[in-house]
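Undergrad: Compute the structure for the input listed below.
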Amino acid sequence: MRILQRYILIELIRVLVLIIGVMTVLLVFVGVFREATERGLGPLQALQIIPYIVPSMLPFTIPATLLLAVCVVYGRMSADYEITAAKAAGINVMSLLFPAFFLGGVLTVFSLLLNDQVIPWSMRNIERIVTLAMEDIFFDVLSSQNLVEDPQQGYSISVSSVDRDQRRLIMPNIRYTPRGHSDGSFVAQAREATLRFDLERQEIVLHLIDAWLDAPGKMQGRVRDKEISLPMELGGGRIKPRQLTINDIEDKLKSLRDDSVKLAETQAIETAFALSLGEFETLATDDFQTRGSAIRRNLSQSRKHHTEFHSRFAVSCSCFFFVFLGGPFAILQARRQFLTTFFLCFLPILLVYYPVLLLMLSLSKQGSVHPGWAMWVGNVILLVSAGFVLQKTVKH
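TA: Numbering: from 1, shown residues only. Modelled structure (predicted):
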């Protein structure tokens, strides 16, 4: 039995590695093209992000390619009557399916590690490359034109020259006026300044040295060393739940929960005072409305992080459930070509499992259902279907 199971496991791994290699190469170029198009990257930056795109593609390619590998191996064995011969020798079908179940379990753990550790790491590196690319473009424009301005964002930066090696701006003149209002506007002139992009906080950070700063209502005068920020949309966006590890998601959930409790308590106290004293206009103040918006925003963020937490486990386990369904189904479809068997098995998954998964994701983020059970609905459907097929396979 060990020889036979080892033979099946080696065949599964050999086919799986080949298919994953081909699928990953195809999807990597699609992913690189998408990232380069969305973020305006050049050919060099596109090549630099390839090693980090690969891990983000694997969780999507592994379940489908594992199902295809199972259909190829068990379909060929069944078509060559190897399954029949094993049964005639008194070997149970479950023993023959054990290598596939074992491989599905291993890949489930591997997918979870990818989602939890590797993908957040790769996302951070992609953001780092994008940041450097944006800085390079910014310095290129300053070097050639000595001026960068964007009326939409409300800023203008002019320089005497640029030191590209040390990332320094020589004699910069910076003007900033937030769009739609003058609050936070300033004018700064400095002997020199360094500049960096912070995609996480959505800011361009300027470190001024020996500068004159004029910020109406705040300060006016000479400063020797000053750091100022220009809040702008840099294309990276806020950190998404997918970019966090499971431990980080738990910390984020705790932080959001604590903030919501504090805001709710403060709002409840202010409401009680306003109602008891008859100061109803307090309930319509900007501060009161802003606090209510913050509570709703925290609740929305909590739902998204909670959904991401449970979806990682559920989606990773899909590897095992795909195998649990695909192995017995391939044995039953002995006389068909393996591609036909794969499509007959994968088409219902494509039409039922993934739409159900996406629906549960959407409902969980909206708060209509609890993600603790909603994210497992698709896997339960696979489990019930696999149980029915496995029963027929063992019996016949």
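
Undergrad: lowest average confidence, helix or strand, in the chain?
TA: Each helix and strand of the chain was given a mean pLDDT (mean pLDDT, DSSP states H and E); the minimum falls on helix 43-48 at a mean of 70.

Undergrad: Tell me the first helix or strand C-terminal of it.
TA: As assigned by DSSP states H and E, the chain's next helix or strand after helix 43-48 is helix 50-79.

Undergrad: for that next one, packing partners?
TA: For helix 50-79, the packing partners by 3 or more Cβ pairs under 8 Å, 6 or more residues apart in numbering; DSSP states H and E come out as helix 2-39, helix 82-88, helix 93-113, helix 119-145, helix 286-332, helix 338-348. In this view, the C-beta of every residue, glycine as well, is placed from N, C-alpha and C.

Undergrad: Could you tell me which ranges of this protein sit under the pLDDT cut-off?
TA: Counting by pLDDT under 70, the chain contains low-confidence residues at 1, 31, 33-43, 45-46, 179-184, 199-200, 231-239, 279-289.

Undergrad: how about the residue nearest in space to the middle of it, what does it touch?
TA: Relative to the mean C-alpha position of the chain, the nearest C-alpha, by Cα atoms, centre = their mean, is the one of Arg242, at 3.2 Å. With Cβ atoms under 8 Å, 6 or more residues apart in numbering as the criterion, the residues that contact Arg242 are 119-120, 123, 308.

Undergrad: what's the farthest-apart pair in those?
TA: Considering Cβ to Cβ, no two members of the contacts of Arg242 lie farther apart than Met123 and Glu308, which are separated by 13.0 Å.

Undergrad: quick one, which of the two is more surrounded?
TA: When Met123 and Glu308 are compared on other Cβ atoms under 10 Å, the one with more neighbours turns out to be Glu308, at 24 against 18.

Undergrad: Leaving out chain neighbours, which residue sits closest to that one?
TA: The spatially closest residue to Glu308, leaving aside those adjacent along the chain, is Pro241, at 3.7 Å (Cβ to Cβ, 6 or more residues apart in numbering).

Undergrad: What count of nearby residues applies to that neighbour?
TA: Pro241 has 20 neighbours, counted by other Cβ under 10 Å.

Undergrad: What separation do you get for it and Gln166?
TA: Distance from Pro241 to Gln166, counting by Cβ to Cβ, to the nearest Å: 37 Å.

Undergrad: Kindly report the same for Pro178.
TA: Using Cβ to Cβ, one obtains 30 Å as the distance from Pro178 to Gln166.

Undergrad: Same check on Val223?
TA: From Val223 over to Gln166 the distance is 21 Å, taken as Cβ to Cβ.

Undergrad: so which of the contacts of Arg242 comes closest to Leu263?
TA: Glu308 (22.8 Å).

Undergrad: Hmm, Lys252 and the closest one touching each other?
TA: No: with contact defined as Cβ atoms under 8 Å, Glu308 and Lys252 do not form a contacting pair (9.8 Å).

Undergrad: More neighbours: Val223 and Gln166, which one.
TA: When neighbours are counted by other Cβ under 10 Å, Val223 comes out ahead of the other of Val223 and Gln166, with 16 against 8.

Undergrad: in what helix or strand does the more buried one lie?
TA: Per DSSP H and E: Val223 is located in strand 219-231.

Undergrad: CA atoms of that strand as PDB?
TA: Listed next in PDB are the C-alpha coordinates belonging to strand 219-231 (Å, rounded to 0.1, in the frame of the first residue of the first chain):
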ATOM      1  CA  MET A 219       3.200  80.500  12.600                       C
ATOM      2  CA  GLN A 220       5.300  82.900  10.600                       C
ATOM      3  CA  GLY A 221       9.100  83.100  10.800                       C
ATOM      4  CA  ARG A 222      12.400  81.400  10.300                       C
ATOM      5  CA  VAL A 223      12.900  77.800  11.300                       C
ATOM      6  CA  ARG A 224      16.100  75.900  11.300                       C
ATOM      7  CA  ASP A 225      14.800  72.400  10.900                       C
ATOM      8  CA  LYS A 226      11.100  71.700  10.000                       C
ATOM      9  CA  GLU A 227       9.100  68.800   8.600                       C
ATOM     10  CA  ILE A 228       5.900  69.500   6.700                       C
ATOM     11  CA  SER A 229       3.500  67.300   4.900                       C
ATOM     12  CA  LEU A 230       1.400  67.700   1.800                       C
ATOM     13  CA  PRO A 231      -1.700  65.400   2.000                       C
END
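
Undergrad: any idea which helix or strand comes after it?
TA: helix 246-277.

Undergrad: how about that following helix: buried residues?
TA: Across helix 246-277, burial judged by 16 or more other Cβ atoms under 10 Å covers 246, 249, 252-253, 256, 259-260, 263, 267, 270, 274.

Undergrad: Same list (those residues) but as CSV, adding distance to Ile83.
TA: Listed next are the buried residues of helix 246-277 as CSV, based on distance: Cβ to Cβ, whole Å:
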residue, distance to Ile83
Ile246, 40
Ile249, 44
Lys252, 49
Leu253, 48
Leu256, 53
Asp259, 59
Ser260, 57
Leu263, 62
Gln267, 66
Glu270, 72
Ala274, 76
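
Undergrad: ok, those residues vs Pro328, which is closest?
TA: For the buried residues of helix 246-277, the residue nearest Pro328 by Cβ to Cβ is Ile246; the value is 32.4 Å.
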